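Visitor: Predicted coordinates and the sequence they were generated for:
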Amino acid sequence: MVTPAPTVWLTTLGCAKNEVDSEKLTALLDEAGYQRALSAEAADVVMVNTCAFIEDARRESIDTILGHADAKRDDAKLVVLGCMAQRYEEELIEALPEANAVIGLERYGELVGRLDTMTEWQPIRIRPVPSMDILHQIARPTPTTPYAYVKSAEGCDKSCTFCAIPSFRGKQRSRAPISIRTEIEQLTAAGVGEVVLVAQDLAAYGRDLDSPGDIVDLLRFVTDVDGLRRLRLYYLYPREIRPALIEEMASNPVIVDYFDLSLQHATGRLLRAMRRPGDGSQYLDLISDIRAATPEAATRSSFIVGFPGETEADVDELADFVRAARLDWAGFFPYSAEEGTPAAELPDQIDPDAKAERLRHLHAIQEEITAASNAERIGMTAEVLIDQVEDGVAVGRSYRQAPEIDGVILLDSGKPGDWVTAEITAAYGTDLEATVVA
């Protein structure tokens, strides 16, 4: 009698990089013979890919782990993966007796073997499971959306005082160009039309590789892949944005004119305390250079509010910058004192209520800017990729909207994966409404 393969359920938390990891782990388990469960409650093994970026993310990860521990079958196994497992392995093992295994990023090569032992399943496999750089060695599963994320590098070489990522994801390790291109080819062959190229410090790609080549060389190498209609770039550290990159983005028709700028603040004094380059004036110059090269460029950034020592004058300066920059999209996040980071030890930590008030103030300013930017699109046409259909309404995006974080375009017809030309007919804050014309 053949023993049926155990079933696995995987919940993913955190950023796009975690989503990529989970997709590849799923493909790894598929290849190893495990079956996908229909729900966490029905699974033989329940896994949670955690996020450890800030305190709120860690709290969500713990709540999710405990929720799955309560909901799973008594005989099912619970496995903790991802950034929290990498950063707090010993603490999680001690604090979470509910978990049968805690497996960090650097030990994903052990995952299949650990699951085999836990489930007492002993299949005969055709090929051994690789143990190093495992997630770059395996193909993605069939995509469920017409867009997909592709990681160009792991880790980060920057030393921002508020960020713990290098402490558990390590220094930057760029993937070989051919590895990235091959993955994009696999995705487009499966129907993906838009690829989001993502790294913690994307514009610094290639500096750690032995072979010559930088981010511009990589972009030129991958953008002629058959079927690739859009290549979107996440995240661009301001000092790394060279004129050659702006020029390539402006002239290469496959790369969308969408600049995700990692700015964090506008006050020079606070940026220096963050170990970040520049100030608001220099950032405005950069945005001006971008718009001079690509007048229709969409721009986005994220900002930390309530960094230690931030004053009301600093908030006013950031607000003035937001008004002057007129970014199409911006996110504002409360500073979180991360264990082991220099900023956590700084004096003048900001009261949570003050952070919340500052966030409300800045959000309100940006909401007006985004709404005005969207209203200016009424009457224009746009090439729209339809991501999904909800209640009979097609939901898509132009080059100006990144998946999952920006607004969307609601259309009167179409199905997922369609590329349509649509006329914008109305704007509702962050979202647009359009009629398909071709």
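Guide: Cool, got the structure. Treat the numbers as computed from the prediction; the structure is a model and nothing was measured. Numbers count the residues shown, from 1 in each chain.

Visitor: T425: neighbour count?
Guide: 15 (other Cβ atoms under 10 Å). Yep, even glycine has a C-beta here, placed from its N, CA and C like the rest.

Visitor: Keeping just the C-alphas, turn the helix or strand it falls within into CSV.
Guide: Per DSSP states H and E, T425 falls inside strand 419-428. Written as CSV, here are the backbone C-alpha positions of strand 419-428 (Å, rounded to 0.1, in the frame of the first residue of the first chain):
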residue,chain,number,x,y,z
TRP,A,419,-4.1,44.2,-22.0
VAL,A,420,-6.6,46.9,-22.9
THR,A,421,-6.7,50.5,-23.9
ALA,A,422,-9.1,52.4,-21.7
GLU,A,423,-10.3,55.9,-21.3
ILE,A,424,-10.3,57.3,-17.7
THR,A,425,-13.8,58.5,-16.9
ALA,A,426,-13.7,59.2,-13.2
ALA,A,427,-11.5,59.4,-10.2
TYR,A,428,-12.3,58.4,-6.6
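
Visitor: Show me what secondary structure element comes after that strand.
Guide: Scanning the chain past strand 419-428 towards its C-terminal end, the next helix or strand to appear is strand 431-436 (assignment: DSSP H and E).

Visitor: for that following strand, packing partners?
Guide: Secondary-structure packing of strand 431-436 (3 or more Cβ pairs under 8 Å, 6 or more residues apart in numbering; DSSP states H and E): strand 409-411, strand 419-428.

Visitor: which outside residues touch it?
Guide: Contact with strand 431-436 is made by 374, 377, 382, 384, 407-414, 420-427, as judged by Cβ atoms under 8 Å, 6 or more residues apart in numbering.

Visitor: cool, stretch 197-211 as well?
Guide: Stretch 197-211 is touched from outside by 16-17, 20, 149-158, 165, 169, 171-174, 176, 180, 213-215, 217-218, 222, 231-237, 240-242, 245, with contacts defined as Cβ under 8 Å, 6+ apart.

Visitor: swap the cut-off to 6 Å and go again
Guide: Stretch 197-211 has contacts (Cβ atoms under 6 Å, 6 or more residues apart in numbering) with 16, 149-153, 156, 172, 174, 213-215, 218, 233-237, 240-241.

Visitor: and it, which residues are buried?
Guide: 197-206, 209 (16 or more other Cβ atoms under 10 Å).

Visitor: And stretch 370-383, by the same measure?
Guide: 370, 373-374, 377, 382.

Visitor: can you map out the strands along the stretch 1-150 of the chain?
Guide: Defined through DSSP state E, counting those that start in this stretch, the strands belonging to the stretch 1-150 of the chain, from first to last, are 7-12, 35-36, 45-50, 77-81, 101-103, 147-151.

Visitor: Quick one: mean pLDDT for the second one?
Guide: In this model, strand 35-36 carries a mean pLDDT of 94.

Visitor: same deal with stretch 238-258?
Guide: This predicted structure assigns stretch 238-258 an average pLDDT of 96.

Visitor: tell me how far the ends of that stretch are from each other?
Guide: 14 Å (Cα to Cα, to the nearest Å).

Visitor: So what's the residue count around the residue nearest to G309 when sequence neighbours are not counted?
Guide: Closest residue to G309 in three dimensions, ignoring its sequence neighbours and counting by Cβ to Cβ, 6 or more residues apart in numbering: D348, at 4.3 Å. As a burial measure, D348 scores 9 neighbours (other Cβ under 10 Å).

Visitor: can you check L318 too?
Guide: L318, neighbours per other Cβ under 10 Å, totals 26.

Visitor: what does A266 give?
Guide: For A266, the number of neighbouring residues by other Cβ under 10 Å comes to 26.

Visitor: Report whether A319 is found in a strand, as I expect.
Guide: No. Secondary structure of A319 (DSSP: H, G, I helix; E, B strand; the rest coil): helix, not part of a strand.

Visitor: and the longest helix seen in the chain, what other elements does it pack with?
Guide: Across the chain, the longest stretch assigned as helix under DSSP state H is helix 352-375. Using 3 or more Cβ pairs under 6 Å, 6 or more residues apart in numbering; DSSP states H and E as the contact criterion, the secondary-structure elements in contact with helix 352-375 are strand 298-305, helix 312-325, strand 329-334.

Visitor: let's see it at 7 Å
Guide: Helix 352-375 is packed against strand 298-305, helix 312-325, strand 329-334, strand 419-428, with contacts defined by 3 or more Cβ pairs under 7 Å, 6 or more residues apart in numbering; DSSP states H and E.

Visitor: Give me whichever of those is most buried.
Guide: Mean neighbour count, computed with mean count of other Cβ atoms under 10 Å, is highest for strand 298-305 among those, reaching a mean of 22.

Visitor: now the angle from that strand to strand 329-334?
Guide: Strand 298-305 and strand 329-334 meet at an angle of 10 degrees, taking axes from the mean of the first three to the mean of the last three Cα atoms, to 10 degrees as the criterion.
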